[in-house]
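Trainee: sequence first, then the predicted structure, then my questions.
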Amino acid sequence: EAGVTQSPRYAVLQEGQAVSFWCDPISGHDTLYWYQQPRDQGPQLLVYFRDEAVIDNSQLPSDRFSAVRPKGTNSTLKIQSAKQGDTATYLCASSFNNYEQYFGPGTRLTVL
Amino acid sequence: QQKVQQSPESLIVPEGGMASLNCTFSDRNSQYFWWYRQHSGEGPKALMSIFSNGDKKEGRFTAHLNKASLHVSLHIKDSQPSDSALYFCAVITSGGNYKPTFGKGTSLVVHP
């Protein structure tokens, strides 16, 4: 069974540039999560979906971040106008029926 | 808002020794508890879950939950160098949304 895949694996931007991250969850998993993980810290939940519906996006900086999961399968997280403080690894995870989360390898973002 | 705190921040144990990791949470509606492990350059992977008060043993790993004390712990017996990693406690609140909150992690080093 294929795991959670993410792309790109690395991104380097100047402040003010935009970037999109893509996630393909495990087939059949209904819930998809996006996390931000600063270096040497725990994953911080940004947004999560059940099928195509947003369940909670209260910790997503809505002025610059957006996330969609239009068909309840793949998902895209976008940062408009990146800031140095956005430097972190962005993790995608999926689960079935709110059970164990399976994480992808992450996208390491550096904003100069 | 749920607060999850882990201690210690870092831990060094000799090969064959016992490692004990602690996690406290703030929301008494917390229902499900997971321990995840993350090796450098990878996404976190689930180690084990515990849902009821008491102990749960899986091989060298034992989790202990005390909901009244808002405390969950993980004990690793006969620690191996391959156990060296970041360990995260994840707490899931009930109420329909099953929102996960991760702690900041404990960095474990097992030296030969």
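Mentor: All right, it came through fine. Residues are numbered from 1 along each chain as shown, chains lettered A, B, ... in the order given.

Trainee: relative to chain B, how far out is residue A:85?
Mentor: Distance, residue A:85 to chain B, using C-beta to the nearest C-beta, to the nearest Å: 17 Å. From N, CA and C alone the C-beta is placed, and that goes for glycine too.

Trainee: just give the nearest non-adjacent residue to that residue, would you?
Mentor: Counting by C-beta to C-beta, 6 or more residues apart in numbering or on different chains, the nearest residue to residue A:85 once its immediate chain neighbours are dropped is residue A:111, at 7.8 Å.

Trainee: now do residue B:66
Mentor: Here the residue nearest residue B:66, using C-beta to C-beta, 6+ apart, is residue B:53, at 6.1 Å.

Trainee: surely that neighbour and residue B:65 touch.
Mentor: Yes: using C-beta atoms under 8 Å, residue B:53 is in contact with residue B:65, at 5.4 Å.

Trainee: tell me which of the two has more neighbours.
Mentor: residue B:65 (20 against 12; other C-beta atoms under 10 Å in any protein chain shown).

Trainee: in its sheet, which strands sit next to the helix or strand containing that one, and in what direction?
Mentor: Assigned by DSSP states H and E, residue B:65 falls within strand B:61-66. For strand B:61-66, the paired strands and their directions (DSSP bridges) read strand B:54-58 (antiparallel), strand B:71-76 (antiparallel).

Trainee: chain A: helices as residue ranges?
Mentor: Applying DSSP state H to chain A gives no helices.

Trainee: can you name the residues that contact the residue of it found nearest chain B?
Mentor: Closest residue of chain A to chain B, C-beta to the nearest C-beta: residue A:103 (3.1 Å). Residue A:103 is in contact with A:4, A:91-93, B:43-45, counting by C-beta atoms under 8 Å, 6 or more residues apart in numbering or on different chains.

Trainee: return the backbone torsion pair for the closest residue to it other than its chain neighbours.
Mentor: Spatial nearest neighbour of residue A:103, excluding adjacent residues (C-beta to C-beta, 6+ apart): residue B:43 at 3.1 Å. Here the main-chain torsion angles of residue B:43 (degrees, to the nearest 10) amount to phi -80, psi 160.

Trainee: before we move on, what about residue A:25?
Mentor: The phi/psi pair for residue A:25 (degrees, to the nearest 10) is phi -80, psi 180.

Trainee: contacts only, for residue 7.
Mentor: Answering for chain A, as no chain was given. Counting by C-beta under 8 Å, 6+ apart, residue A:7 has contacts A:21-22, A:107.

Trainee: not quite, I wanted chain B
Mentor: So residue B:7 contacts B:21-23, B:106 (C-beta under 8 Å, 6+ apart).

Trainee: tell me the one of these nearest residue A:12?
Mentor: residue B:106 (30.1 Å; C-beta to C-beta).

Trainee: quick one: which of the contacts of residue B:7 has the most company?
Mentor: For the contacts of residue B:7, neighbours tallied by other C-beta under 10 Å; top is residue B:23, 26 neighbours.

Trainee: is it true that that residue touches residue B:89?
Mentor: Yes: here residue B:23 lies in contact with residue B:89, judged by C-beta under 8 Å, at a distance of 3.4 Å.

Trainee: shared neighbours of the two, anything?
Mentor: B:4, B:6, B:33, B:72, B:74, B:103.

Trainee: chain A: strands as residue ranges?
Mentor: A:5-7, A:10-13, A:19-24, A:31-37, A:44-50, A:53-56, A:65-68, A:75-79, A:88-95, A:102-103, A:107-111 (DSSP state E).
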